[in-house]
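Novice: structure for the following, please:
(one chain, ligands or ions: 1)
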Amino acid sequence: MRIVLGVAAGIAAYKACELLRLLTEAGHRVRVVPTPAALDFVGAATWAALSGQPVLTSPQESVHEVPHVRLGQEADLVIVAPATADLMARAAAGRSDDLLTATLLTARCPVIFAPAMHTEMWEHAATRANVATLRSRGCLVLDPASGRLTGPDSGPGRLPEPAELFSVVRRVLARGTAAMVPDLAGRTILVSAGGTREDLDPVRYLGNWSSGKQGYALARTAASRGATVTLVAANAELPDPAGARVIRVTSASQLRDAMLAEAGSADVIVMAAAVADFRPATRSPAKIKKSGGAPAPIELAENPDIVRDLVAARSRPGQLIVAFAAETGDVLANGRAKLTGKGCDLLVVNQVGNGLAFGTEDNEATVLGADGSQIKLPRAPKDEISDAIWDEVAARLG
Ligand code: C5P
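Specialist: Predicted structure coming up:
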């Protein structure tokens, strides 16, 4: 595929070098189009060497090739990473004062902006308005990641990790022309992922083997379809999905609090987390010691069912609630009973113990609907399973 990698003048330009490598190693032909000021951060020689292509910044260079028209017309995808406040302001205003903004005006393919800037600039009303304008035109503007910014401050404004941006590019290209209209744009989506840990004493916990990969894939793919995504992550050691706000929790009770606090503004809630059904009835304040005799039994208390609580608390009209279930035996009958019991709209059910689900890259599942529908999703990478789940969700959002 032909990709234009636009680079605006931000310190995160150095991360775009890694993104460029990932794109070229995947076989894409990438033309890097930095803004003139971006060359103060990473020079043209680096971009030319890594892309194997000429690097232009102005429509006045190589005029005989009419690059300001050709690059945009020929591209299958444009991604601007990092996108600064100034670059997005110029793009929103339709200016064409350098080759990158001119290319944005001539591109008829999916366009992704990955903003990176200080929190104050990201939150400024002018930037909010420019982002809204770009989104209303069908561009995918990812929310920046949170964390350490240039200098000592931290907050939302970081460029997501290159591998995560690469995943977004892959998903958008895989969706082809469907990606021209991000179908979850304007939707607020809340996803839980990972596995909860229940304290036994200061050094031990009861936990489970959930890696968080399916929930992270759901967050990543929803963001790449334009949704505003909040991911409540329980103990997953994975990079933040590009475009998602991440809230970290440990126990089932913290997960429940975070989900209920965010649920009121969510159009869709997906409970992909593996929540402990039980917790130790008491948390020992000191490490439990060997006593020489038989160890004391661990008494368990039952955790509340978060999906049920979310269904009971549902106040937003049209809100969709999706649960997951890992089942054995008659998977579909068990899944159907669970769907009814929990009162959710969709239940994604998979069979335990066939080498899939926990920690694997692939998954296979059946999506059961409260409306009686039943969609089988054959074995596929978790990103593809996620996109198929979002297809079902998008169809129900109307
Ligand atoms: O009942 P079971 O644990 O099989 O249901 C799985 C689904 O319910 C998942 O979506 C999981 O996130 C959710 N769950 C929950 N609260 C619990 C246990 C599971 O919301 N205490």
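Novice: is any part of the longest helix anywhere in the chain close to the ligand?
Specialist: For the chain, the helix with the greatest residue count under DSSP state H is helix 382-397. No: applying C-beta under 6 Å from any ligand atom, one finds helix 382-397 out of contact with the ligand, separated by at least 12.3 Å. In short, each C-beta sits where N, CA and C put it, glycine included.
Novice: tell me what that helix is packed against?
Specialist: For helix 382-397, the contact count by 3 or more C-beta pairs under 8 Å, 6 or more residues apart in numbering; DSSP states H and E identifies helix 162-175, helix 213-224, strand 268-271, strand 320-327, strand 346-351, strand 362-369, strand 374-381 as packing neighbours.
Novice: bridging residues for the residue in the stretch 51-200 of the chain that the ligand sits nearest to?
Specialist: Closest residue of the stretch 51-200 of the chain to the ligand, C-beta to the nearest ligand atom: Ser192 (6.3 Å). With DSSP bridges applied, Ser192 shows beta-bridge pairing to Val232, Met271.
Novice: per-residue pLDDT, it?
Specialist: Here the pLDDT value assigned to Ser192 is 98.
Novice: my guess is Pro67 contacts Leu99. True?
Specialist: Yes: Pro67 lies in contact with Leu99 (C-beta atoms under 8 Å); the separation is 6.2 Å.
Novice: ok, the residue of the stretch 51-200 of the chain closest to the ligand - contacts?
Specialist: In this structure, Ser192 makes contact with 215, 231-234, 255, 259, 270-273, 275, 306, judged by C-beta atoms under 8 Å, 6 or more residues apart in numbering.
Novice: Ala223 too?
Specialist: Ala223 makes contact with 142-143, 168, 229, 241-244, according to C-beta under 8 Å, 6+ apart.
Novice: could I get these as TSV with distance to the ligand and secondary structure?
Specialist: As requested, the contacts of Ala223 are arranged in TSV below (distance: C-beta to the nearest ligand atom, whole Å; DSSP: H, G, I helix; E, B strand; the rest coil):
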residue	distance to the ligand	secondary structure
Leu142	26	coil
Asp143	24	coil
Val168	25	helix
Val229	17	strand
Pro241	18	coil
Ala242	24	coil
Gly243	22	coil
Ala244	18	strand
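Novice: ok, which stretches of this protein are helices?
Specialist: Remark: helices assigned in the chain by DSSP H are 13-25, 44-51, 67-74, 85-93, 99-106, 119-123, 125-136, 162-175, 213-224, 252-263, 306-313, 331-342, 382-397.
Novice: single out the most deeply packed of those helices.
Specialist: helix 213-224 (a mean of 29; mean count of other C-beta atoms under 10 Å).
Novice: quick check: angle from that helix to strand 346-351?
Specialist: Taking axes from the mean of the first three to the mean of the last three C-alpha atoms, to 10 degrees, one finds helix 213-224 and strand 346-351 inclined to each other by 140 degrees.
Novice: so how far is helix 213-224 from its chain's centroid?
Specialist: Mean-position distance between helix 213-224 and its chain equals 4 Å (C-alpha atoms, centre = their mean, to the nearest Å).
Novice: alpha carbons of that helix, as PDB, please.
Specialist: This file holds the C-alpha atoms of helix 213-224, laid out as PDB (Å, rounded to 0.1, in the frame of the first residue of the first chain):
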ATOM      1  CA  LYS A 213      -5.300  -9.100  25.000                       C
ATOM      2  CA  GLN A 214      -9.000  -9.400  23.900                       C
ATOM      3  CA  GLY A 215     -10.100  -6.300  25.900                       C
ATOM      4  CA  TYR A 216      -7.100  -4.300  24.700                       C
ATOM      5  CA  ALA A 217      -7.900  -5.300  21.100                       C
ATOM      6  CA  LEU A 218     -11.500  -4.200  21.600                       C
ATOM      7  CA  ALA A 219     -10.300  -0.800  22.800                       C
ATOM      8  CA  ARG A 220      -7.800  -0.400  20.000                       C
ATOM      9  CA  THR A 221     -10.200  -1.300  17.300                       C
ATOM     10  CA  ALA A 222     -13.000   0.900  18.700                       C
ATOM     11  CA  ALA A 223     -10.600   3.800  18.700                       C
ATOM     12  CA  SER A 224      -9.500   3.100  15.200                       C
END
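Novice: right, I'll leave it there.
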